[in-house]
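In: What follows is a predicted structure for the sequence shown.
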Amino acid sequence: MKRTILLLLTMIQTLWLSASSIGTWNCFPAYGEIQSIQPAGKMVYVLSSKGLFSYNTSDGSVQSYHKMNGLSDCFINHIAYCQKTKQLVIVYDNQNIDLLDNNGNVINISDYYNKSLSSEKTVNSISVSGEYAYLNTAFGILKVNVEKGEISDTYSLAKDVKSSCILNGVIFAATTQGVWCGDMKKNLLDKDNWVKNTDNIYQAIYNIDNHLYALSENAIYEYQNEWKLRENVNYSFFSFSGNRILLGNNNSLRMFNGSMTTVPVNGDTHTAFAYDVDNNLFWSNQADAKLYAFRQTEGGLQNIITDIVADGPISNEFNYLRVVDNTLYACSGGPSPDIELFTPGVVQSMTNGEWTIYENVDLSDVQSRYICLNCLDVDPRNKQHVYVSGRTGLFEFLNGKFINYFSNHNSPLGSAVDSDKIYYVLVYGIRFDSAGNLWMFNSQAKDVNILCLDNTGKWNSYPVDAFFDSDLNGRSMAAMQHAIIDRRGYLWLANNNYHTPSYGCFNINNHQATLYTHFTNQDGTSYRVDLVRTVAEDKDGNIWVGTNVGPFIMTAENIKNGVTDEVYQVKVPRNDGTNYADYLLSGIDVSCIAIDGGNRKWIGTNGQGVYLISADNITEIHHFLESDSKLISNNINHIAINDRTGEVFIATDKGLCSYMSDATATSEEMTDDNVYAYPNPVEPDYKGLITVVGLSYNADVKITTSNGVLVAEGRSNGGTFTWDGCDKKGHRVASGVYMVHTATSDGNSGTVCKIAIVN
């Protein structure tokens, strides 16, 4: 009994936390690779994997910053701290600019981001002098008045400026065409007032105590009417911090401020250093992407602060998402024209906000690569048992540990090339059935396509003639992906390739199969489809097919009757006094589709953000865009929904974010034990939505006073109904106890719960 009560309390607490944020966004930036460290008094700002977090040295707190809590954009390229104004200058990869103070307040400067230029706009670095930040760009220098939060000047030099500094009222700019300088007393908007100082090419240029120094690949130079070699030095990365040039490599740090000092450091994977001159602290990163601080003493190095990290995923790449039992699973590993440049595969999961990074896989002993993972599934018998696949075969994990690798060398899987090499074994679609058998499609392989690794570990092959492509010399379909198994026991996959754009259906019970290649709708209109990207099943048993020209539906009736040459397009009335209608999202490049507990369709696109379509498919409830919402990118890779909480996870080309929706999974039966409202009681200062959960699909909900006066009514979204605490006229209801009456859509079987409201 105690255990049951604890589980119920935990569930209620989880749902309350979710309900309190219905309609809000969350972001999950990665912090796997520290790129820059900026000491700022009691704060230390860290740029990691193009995300930002800070460490407060006075209280030990770690704060993440992203688009959901104040920043204006995603993917940060550069940060620099302005000591005079106590603000961090942030430059994004799209050249948007933010100014962040130590209290978390943000000022956005969007002029440069919004301005169209014929020249390249890339910002190479930031130099700070007084209240000004100088953004060194591909065309010149952008002067930002940090104190006023505005761009004050733009110096167009028609040269790629890598670094700049000011000495005695003169700006020195290190460019790819030598060093140029401009007297600040003159009109530097006129590029004729800039003169060449030297033809020497330097990576960076700095003013240290009114002496001018420049950094080349292997040396430091000093300027005294002419440039002279000052120090030969070997380094793998550099930074400027505490008025010192910091030159780092794997196991040492060299610090130059007019003279050279060598500081030995522990470890061999450092990529960033900073020096806090006020506290005589060195900041650096460790192999596991954690931040630490040390001080050099007579007795050697003394670690002052260790193991600082912001919680988050290890990578911003998310190719595929799956939610099982309140846990989000994700895999990644980015493609590239050159296989040697593919980013490594990553598998990670998140439960209740805590991330688990799966063990890395080293396939060097079999001359293969762990790259380009784009699908996964979880064993229904054990959620710690996970399979992941992609470009190089099938990988098996247990409790986050790698335990098996299947390729053309140790399984029926076939290679996509006429070679004995392992590295090119394409498995883009995998799915467990309810018995724990893993079904998959082996793309571009000879003699095989549908395979099953059963729950005893035995392999079975079911080659389907229809799934071999004559355009590929008889090999299997090129890129069968986004596998699902529907309520009928049919395995569906989308062939996301210009070779025979299509989607396939395989009956896992009798092994019959059909390939659908024609897109002729109910009105007889034929479409040329270049890419079929995804398939999904809605609550009515219809199969939604996402293509580069919009969504189509294979109706449950057509599936039952074996119709193979017709798909359905939803017609949305124009409501303009005519009888005309438009096809739902016609012409939109659909990348993914997910169905929530209310049978609403979450449709991700390439370039057009995310659409939420009503259960009847007629109403566009939301259209989320990067420009007018907290969505972090309009390019959507995948969507997965946590049916317990209603949280919609959205994988984009800029990372992972989520939206807390108001639809959850339905209950088969509504009882006093599983239908309840929260928060309850509703306190006077609570202004959010009151949520009723545990409802059946499309349940009828009525809220009345204790003496039976109706104040609100509606139907559930999946298993959830929300109420704003107002009556039918929009007025906040009075304090009291309110009755929640629920019934199934056919009027049978009801239950009642109560809500106490205190105003």
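Out: Great, that's in hand.

In: drop to CA atoms for contacts and neighbour counts, all remaining ones
Out: OK.

In: list the contacts for the closest residue to Asp433 other than its chain neighbours?
Out: Leaving aside its sequence neighbours, Asp433 sits nearest to Ile485 (Cα to Cα, 6 or more residues apart in numbering; 6.9 Å). Neighbouring residues of Ile485 by Cα atoms under 8 Å, 6 or more residues apart in numbering: 431-433, 491-492.

In: redo that, cut-off 10 Å
Out: Each residue near Ile485 by Cα atoms under 10 Å, 6 or more residues apart in numbering is listed here: 430-434, 439, 491-493, 505-508, 536-537.

In: pull the helix or strand with minimum mean pLDDT from the protein.
Out: Every helix and strand in the chain was compared by mean pLDDT, DSSP states H and E; the lowest is helix 2-19, with a mean of 39.

In: next helix or strand past that helix?
Out: strand 25-27 (DSSP states H and E).

In: quick one: the residue nearest to Asp433 and Trp283, what's the gap?
Out: 51 Å (Cα to Cα, to the nearest Å).

In: Likewise for Ile34?
Out: 11 Å.

In: overlap in contacts of those two?
Out: With Cα under 10 Å, 6+ apart, Ile34 and Trp283 have common neighbours 272-273, 291.

In: Quick check: beta-bridge partners of the nearest residue to Leu585 once chain neighbours are set aside?
Out: Among residues not flanking Leu585 along the chain, Gly550 sits closest, at 5.6 Å (Cα to Cα, 6+ apart). Assessed by DSSP bridges, Gly550 has beta-bridge partners Thr547.

In: Correct me if wrong: Thr742 contacts Thr720.
Out: No: assessed by Cα atoms under 10 Å, Thr742 is found out of contact with Thr720, at 11.3 Å.

In: end to end, how far does stretch 453-463 reach?
Out: Terminal residues of stretch 453-463 are spaced 14 Å apart (Cα to Cα).

In: Any buried residues in that stretch, and which?
Out: 453-454, 459, 461-463 (16 or more other Cα atoms under 10 Å).

In: now do stretch 416-432
Out: 416, 421-432.

In: Grab the two from these that are most spread out in space.
Out: The largest separation in those, counting by Cα to Cα, is between Lys421 and Phe432 at 27.8 Å.

In: can you redo the buried residues of stretch 416-432 as JSON lines with secondary structure?
Out: Output for the buried residues of stretch 416-432, formatted as JSON lines (DSSP: H, G, I helix; E, B strand; the rest coil):
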{"residue": "Ala416", "secondary structure": "coil"}
{"residue": "Lys421", "secondary structure": "coil"}
{"residue": "Ile422", "secondary structure": "coil"}
{"residue": "Tyr423", "secondary structure": "coil"}
{"residue": "Tyr424", "secondary structure": "coil"}
{"residue": "Val425", "secondary structure": "strand"}
{"residue": "Leu426", "secondary structure": "strand"}
{"residue": "Val427", "secondary structure": "strand"}
{"residue": "Tyr428", "secondary structure": "strand"}
{"residue": "Gly429", "secondary structure": "strand"}
{"residue": "Ile430", "secondary structure": "strand"}
{"residue": "Arg431", "secondary structure": "strand"}
{"residue": "Phe432", "secondary structure": "strand"}
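
In: On the pLDDT front, check Trp25 for me.
Out: Per-residue confidence (pLDDT) for Trp25: 93.

In: and it, what does it touch?
Out: 67-69, 629-631, 647-649, 657-661.

In: before we move on, what about Thr392?
Out: So Thr392 contacts 368-373, 405-408, 415-416, 422-428 (Cα under 10 Å, 6+ apart).

In: ok, the residue nearest to Asp433 to Thr652 distance?
Out: For Ile485, the distance to Thr652 - Cα to Cα - is 25 Å.

In: ok so, going back, okay, and the beta partners of the residue nearest to Asp433?
Out: Legend: beta-bridge partners of Ile485 under DSSP bridges are Leu491.

In: measure it to Ile593 for me?
Out: Going from Ile485 to Ile593 by Cα to Cα gives 15 Å.

In: Quick check: nearest residue in space to Asp93, chain neighbours excluded?
Out: Among residues not flanking Asp93 along the chain, Asn77 sits closest, at 5.3 Å (Cα to Cα, 6+ apart).

In: and the helix or strand where that neighbour lies, what does it pack onto?
Out: Assigned by DSSP H and E, Asn77 belongs to strand 76-82. Strand 76-82 sits against strand 34-40, strand 43-48, strand 51-56, strand 87-92, strand 97-101, strand 123-129, strand 132-137, strand 237-241, with contacts defined as 3 or more Cα pairs under 10 Å, 6 or more residues apart in numbering; DSSP states H and E.

In: relative orientation of it and strand 123-129 in degrees?
Out: Orientation of strand 76-82 against strand 123-129 (axes from the mean of the first three to the mean of the last three Cα atoms, to 10 degrees) gives an angle of 10 degrees.

In: average pLDDT for strand 76-82?
Out: What strand 76-82 shows for mean pLDDT is 97.

In: who does it pair up with?
Out: Short version: by DSSP bridges, strand 76-82 pairs with strand 87-92 (antiparallel).

In: Could you export the strand it pairs with as CSV, CA atoms only?
Out: What follows is strand 87-92, C-alpha atoms only, in CSV (Å, rounded to 0.1, in the frame of the first residue of the first chain):
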residue,chain,number,x,y,z
GLN,A,87,28.1,42.5,-20.0
LEU,A,88,28.8,39.4,-22.1
VAL,A,89,28.8,40.0,-25.9
ILE,A,90,27.3,37.1,-27.7
VAL,A,91,27.5,36.6,-31.5
TYR,A,92,25.5,33.8,-33.1
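
In: which residues of the stretch 601-750 of the chain fall in helices?
Out: Listed in chain order, the stretch 601-750 of the chain contains no helices at all (DSSP state H, counting those that start in this stretch).
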